[in-house]
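Engineer: Fold the following for me, if possible:
(one chain, ligands or ions: 1)
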Amino acid sequence: MVREWDPRTAPSVEIESVLATLNAAVSVDLPDDPPWRGESFREYLSVTMPGERRVCWLAESSPGAAARGEPVLGQANVLLLGDIGVLDLVVHPKARRAGLGRELLGAAVRRAFGEGFRSMGVEVVGDTPAARFYERYGFRCAFVEIRNVLKMSTVDWQRLGEMAGGVGAGYRVEFYPGGPPEDLFEAYAEAKEIVRESYELGDLELRPSSYDPDRLRDSLATLHGRGLKPYIVLGVHESTGKVAGLTEVVVPAQRPTRADQYDTVVVPKHRGYGLGRAIKARMLFELRSAEPRVTEVQTWNAYENEPMLKVNSELGFEPDRQWSEYEADVADLARRLQVNFG
Ligand SMILES: CC(C)(COP(=O)(O)OP(=O)(O)OC[C@H]1O[C@@H](n2cnc3c(N)ncnc32)[C@H](O)[C@@H]1OP(=O)(O)O)[C@@H](O)C(=O)NCCC(=O)NCCS
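Structural biologist: Prediction:
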């Protein structure tokens, strides 16, 4: 039984059933990850950037099972943005290999194809059945990253203090809980744009990003709306007032012990002055006092990004597992899945 489902209006008991299934999958696929909590989980599923839509489906053993508090058998959602559909799909470990994944994928493909979306992307966690499942339907690996995890309990705070202070003359480091102030939006977005243009990594950009001030404003509002609290550390070039480097961490209400380190970028002409290491080190100090519940920080890096991998390992991040982006052509998926439009 697969049906479309709207987390904005769903009864709370259904939201909890979806959470229970997600946690059953986490305990099997990512046993070292903390379980998800119910705080702002509805908002996490509901809120999107302006112009984007998330469509969700549930698989139940019988009609009304989720409303009776039984864990759902599976859940899928697709975020429709630009001409890409970004998929998220999970099947309860006890319900796998019975065709449910295929059925949920079929529902998402039918919608994406019907609305004219060209490609579909999905994040595939290494060492889980997901890669074989998506490859079976023609998805191809477009981009490989490695997830790195830092345990706060292993941090050498004295050494970290030296790293935080070890920034070249002419720069100052600033911390902004909640996001950068409005008067820095322009400089912040400009730094991101410069770095984006200097990379050709083939990233499908499945994660939120902000390359202009309006988009940055929307993206911060979306993060807050989804229960994801952003923290920013900036390296400012004092003589020009330009943002020379920035790092972003998000603490999810749904997983308050594990923070996500998003982008860290240093504008090319400001590289070589210790900024990348200093801003990341300062962030860890700030997190320790602002978010005492955080015990781990996770981040994702491309294998090719050697400078960032080196900074991460100096800070104490340890490689955890492969994390890939897969993509497929929607029309091709529709054909392979024999999606029925009747
Ligand atoms: C990937 C996933 C969605 C597959 O769901 P499923 O309902 O078991 O998939 P289906 O039964 O529809 O499988 C369809 C086909 O995919 C392939 N496949 C699925 N699981 C596979 C596995 N473990 N090994 C090999 N092939 C597999 C097979 O070709 C299968 O067809 P078959 O059973 O006729 O051989 C499911 O394993 C899942 O939820 N994984 C979550 C992984 C994840 O991301 N975890 C981290 C976040 S919680």
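Engineer: Could I have the CA atoms of stretch 138-147 written out in CSV?
Structural biologist: Taking Å, rounded to 0.1, in the frame of the first residue of the first chain, the C-alpha atoms of stretch 138-147 are listed here in CSV:
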residue,chain,number,x,y,z
GLY,A,138,20.2,2.6,-14.0
PHE,A,139,21.4,5.3,-11.5
ARG,A,140,25.1,6.1,-12.0
CYS,A,141,27.5,7.4,-9.5
ALA,A,142,28.2,11.0,-10.3
PHE,A,143,30.3,12.2,-7.3
VAL,A,144,32.0,10.4,-4.4
GLU,A,145,32.7,11.9,-1.0
ILE,A,146,34.0,10.6,2.2
ARG,A,147,32.2,11.4,5.5
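Engineer: Pretty sure Tyr273 sits in a helix.
Structural biologist: No. Under DSSP: H, G, I helix; E, B strand; the rest coil, Tyr273 sits outside any helix and is assigned coil.
Engineer: That one and Gly166 touch, don't they?
Structural biologist: No. Counting by C-beta atoms under 8 Å, Tyr273 does not reach Gly166; the two are 9.4 Å apart. (C-beta placed from N, C-alpha, C; glycine too.)
Engineer: more neighbours, the two?
Structural biologist: Neighbour comparison, Tyr273 and Gly166: the larger count goes to Tyr273, with 19 against 13 (by other C-beta atoms under 10 Å).
Engineer: Give the full set of residues in contact with the more buried one.
Structural biologist: With contact set as C-beta atoms under 8 Å, 6 or more residues apart in numbering, Tyr273 has these partners: 167-168, 170-171.
Engineer: So which of those is the closest to Pro319?
Structural biologist: For those, the residue nearest Pro319 by C-beta to C-beta is Val167; the value is 26.3 Å.
Engineer: Just give the closest residue to the closest one, not the sequence neighbours.
Structural biologist: Spatially, and ignoring its direct neighbours in sequence, Val167 is nearest to Ala278 (4.0 Å; C-beta to C-beta, 6 or more residues apart in numbering).
Engineer: Against which helices or strands is the strand or helix carrying the one you found packed?
Structural biologist: Ala278 belongs to helix 275-290 when assigned by DSSP states H and E. Other helices and strands packing on helix 275-290, by 3 or more C-beta pairs under 8 Å, 6 or more residues apart in numbering; DSSP states H and E, are helix 157-165, strand 171-177, strand 228-237, strand 242-252, strand 258-266, helix 306-315.
Engineer: Contacts for the second one, please.
Structural biologist: Contacts of strand 171-177 with the rest of the structure, by C-beta under 8 Å, 6+ apart, involve 164, 167, 184, 229, 231-238, 244, 270, 273, 275, 278-279, 282-283, 286, 290.
Engineer: low pLDDT regions in the chain?
Structural biologist: Within the chain, the stretches with pLDDT under 70 are 198-211, 341-342.
Engineer: Up against the ligand, what does it have?
Structural biologist: 25-26, 29-30, 89-91, 96-102, 125, 128-130, 132-133, 136 (C-beta under 6 Å from any ligand atom).
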